[in-house]
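K.L.:
sharing a model that was predicted from the sequence below.
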Amino acid sequence: MTTQEKLGFYATPPHECNYLPEREAITLFADPRFRKTTRLYAALAGNGFRRSGEHLYIPYCRNCSACIPVRIPVDEFQPGRRHLRCRRRNRDLIITPRAAEFDAEHFDLYQRYLRHRHPGGGMDNPTPESFVDFLSATWSDTTFFEMRDAEGRLVAVTVADAMPEAMSAVYTFFEPEQSARSPGTFAILHLLEETRRRNGAWLYLGYWIQDCRKMSYKNEFRPLEYFREGEWRRTLESDAGLHP
């Protein structure tokens, strides 16, 4: 990359919002032709961007700021009672880091998870190609952490990216019959430990939406930092009607 190269951004046309029914969304993408690195990823993540496949993006919606980037300052996190109970429920799990590549067993679990969590939503009929394209990127430092019980059965897979000074939780999918374990919460607890082990300062959790019930668990990790108006804050403005 030369000093003359500048990163451009492109906005999509309005499209159906994946999180809030009856709303339109616009997404801003970093130029897909621009050479990406984990250092660039870290810089954009620090400004609210997220990875999906090869792309880095951020919501860019007119008259809506419901999608709020959130991250946990790792060294300050203290588990609450709910987190401690979650750890006890999952103390039998064996966690193994795996390469970010296609695995038939992972894909079968991914299919079952999507059919259960997103029936009829256009996500419940993935292909091996869409699985790999969504979760991995040629330029990212991505790990699939698989979680198995004592009998070797695959319970969950959490996908995370490493970058300078941080990690980003990309996606977690799990056996629907094992939902009582709270695998999503346990995945974040594991990634907090992994980020600390790598001397990272933050774990990025993607976007939090107040009115999206499936995202409510993110707000149970404290302290939590919110990216608003170009800076990371510990609380949200009262005029947004949000008081974490």
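P.N.:
Noted; the coordinates are in hand. Numbers count the residues shown, from 1 in each chain.
K.L.:
mind giving me the domain ranges of this protein?
P.N.:
Annotated domains of the chain cover 9-70, 71-220 [automatic domain parsing].
K.L.:
just the terminal-to-terminal distance for the last one.
P.N.:
Domain 71-220 has its terminal residues 12 Å apart, counting by Cα to Cα, to the nearest Å.
K.L.:
quick one: that domain to chain centroid distance?
P.N.:
Relative to its parent chain, domain 71-220 has a centroid offset of 8 Å by Cα atoms, centre = their mean, to the nearest Å.
K.L.:
likewise for stretch 30-41?
P.N.:
Worked out by Cα atoms, centre = their mean, stretch 30-41 lies 18 Å from the chain centre.
K.L.:
parallel or antiparallel, list what pairs with the worst-scoring helix or strand of the chain on mean pLDDT.
P.N.:
In the chain, the helix or strand scored least confidently by mean pLDDT, DSSP states H and E is strand 15-16, which has a mean of 92. When pairing is defined by DSSP bridges, strand 15-16 lines up against strand 24-25 (antiparallel).
K.L.:
so where do the strands sit in the chain?
P.N.:
Per DSSP state E, the chain carries strands over the ranges 9-11, 15-16, 24-25, 27-30, 50-52, 55-59, 68-73, 94-99, 141-148, 154-163, 166-174, 202-208, 225-228, 231-233.
K.L.:
now distance to residue 181 and mean neighbour count too, for these, in TSV please.
P.N.:
The C-beta positions use only the backbone N, C-alpha and C, and glycine is treated the same way. Listed next are these as TSV, based on distance: least, Cβ to Cβ, whole Å; neighbours: other Cβ atoms under 10 Å:
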stretch	distance to residue 181	mean neighbour count
strand 9-11	39	12
strand 15-16	32	10
strand 24-25	32	16
strand 27-30	33	18
strand 50-52	26	21
strand 55-59	30	20
strand 68-73	21	22
strand 94-99	13	12
strand 141-148	9	19
strand 154-163	7	22
strand 166-174	8	23
strand 202-208	19	22
strand 225-228	27	19
strand 231-233	31	13
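K.L.:
low-scoring stretches of this protein, by residue?
P.N.:
For the chain, applying pLDDT under 70 flags the ranges 1-4, 120-124, 237-244.
K.L.:
out of the domains of the chain, nearest to residue 233?
P.N.:
Closest to residue 233 of the domains of the chain, according to Cβ to Cβ: domain 9-70, at 10.1 Å.
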